[in-house]
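In: Build me a structure from this.
(one chain, ligands or ions: 1)
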Amino acid sequence: MFVLVNLKAYPCDPVAVATAADDVATETGVRIAVAPQAAHLDRVAEIGVETWAQHVSPVEHGSHTGSTLAEAAADAGATGTLLNHSENRLRLADIDASLRAAERAGLETVVCANNPRQVGAATALEPDAVAVEPPELIGTGTPVSTADPGIVEGAVEAAAAVAPDVPVLCGAGISTGDDLLAARELGSEGVLLASGVAKADDPRAALADLVAGL
Ligand SMILES: O=C[C@H](O)COP(=O)(O)O
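Out: Reported below is the predicted structural model:
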């Protein structure tokens, strides 16, 4: 299972979370990555933890003020990027262009989607993986893997119908080891989570609990 921890714009210490994630990944052998704010990519990458951008813009080098250039994210130490997160939706053409920008920069990609139909469409754009997240469960602490198992199973089927080799992650409300195991049972190959770690009093304990059953 791949555990991708999105720090969003939460007021956590990105270096402390990254250090905890790196420690737990090393101790358990579970693949854990951290996606901080773009301005914190280099500080997080210096820890040695797998570091992802939260987004890259659908642009190349040029006159694009305010953009997050894929090459700049890679230069800062990112090795992957989320795209089309529910809190940063893109138009179809921009998802495609951001995917190509990420490929150009050598970044692994996960495209987020709300539901199985969107998962199918996202899979057709040839990302490395897709992630299904029902927006109404994001940040609630109610895990998608038990609150809406059908959406995870539907996403796995929708992706497989387009490209059987594209893994599906799921996210929204995931915070415990039981949530993670339930996601795996449904065919998910990883989880995307945020508040369960970024808002935890003890991120290291939260991560250790998350992966303990794997
Ligand atoms: O990127 C992470 C997802 O939006 C899930 O967020 P959450 O774990 O706070 O529900």
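
In: Up against the ligand, what does this structure have?
Out: 6, 85, 133, 138-139, 171-174, 192-196 (CB under 6 Å from any ligand atom). C-betas here are computed from N, CA, C, even on glycine.

In: Just flag the most distant two among these.
Out: His85 and Gly196 (16.2 Å; CB to CB).

In: rewinding a little: let's see which of the residues of the chain next to the ligand end up in strands.
Out: Here DSSP state E is the test, and the residues of the chain next to the ligand give 6, 171, 192-193 as lying in strands.

In: that older thread, which of the residues of the chain next to the ligand has the largest number of neighbours?
Out: Counting neighbours by other CB atoms under 10 Å, Ile174 leads the residues of the chain next to the ligand with 30 neighbours.

In: need the strands for this protein, in chain order.
Out: Ranges of strands within the chain are 2-6, 31-35, 50-53, 80-83, 108-113, 129-132, 168-171, 190-193, based on DSSP E.

In: Direction included, what does the longest one pair up with?
Out: Translated: strand 108-113. Strand 108-113 has the following strand partners under DSSP bridges: strand 80-83 (parallel), strand 129-132 (parallel).

In: cool, and the first one?
Out: Strand pairing for strand 2-6, using DSSP bridges, gives strand 31-35 (parallel), strand 190-193 (parallel).

In: what's the most buried one of those?
Out: strand 190-193 (a mean of 27; mean count of other CB atoms under 10 Å).

In: can you dump the C-alpha coordinates of that strand into PDB?
Out: Taking C-alpha atoms only, strand 190-193 is exported to PDB below (Å, rounded to 0.1, in the frame of the first residue of the first chain):
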ATOM      1  CA  GLY A 190      -3.000   3.100  -1.500                       C
ATOM      2  CA  VAL A 191      -4.600   5.900   0.400                       C
ATOM      3  CA  LEU A 192      -4.500   9.700   0.200                       C
ATOM      4  CA  LEU A 193      -5.000  11.300   3.500                       C
END
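
In: excluding its backbone neighbours, what's nearest Arg31?
Out: In this structure, Arg31 finds its nearest non-sequential neighbour in Phe2, 4.9 Å apart by CB to CB, 6 or more residues apart in numbering.

In: Which residues outside stretch 70-79 are in contact with it?
Out: 33, 38, 41-42, 44-46, 50-53, 56-57, 61, 81, 98, 101-102, 104-108 (CB atoms under 8 Å, 6 or more residues apart in numbering).

In: typo on my end, stretch 191-208
Out: So stretch 191-208 is in contact with 1-8, 10, 12, 16-17, 20-21, 23-24, 27-28, 32, 82, 110, 112, 131, 133, 138-139, 141, 169-171, 173-176, 179-180, 183, 210, going by CB under 8 Å, 6+ apart.

In: try stretch 17-29
Out: 5, 7, 30-34, 36, 43-44, 47-51, 197-198, 203-204, 207-208, 211, 214.

In: change it to 6 Å
Out: Residues outside stretch 17-29 that contact it (CB atoms under 6 Å, 6 or more residues apart in numbering): 32, 34, 44, 47-49, 203-204, 207-208, 211.
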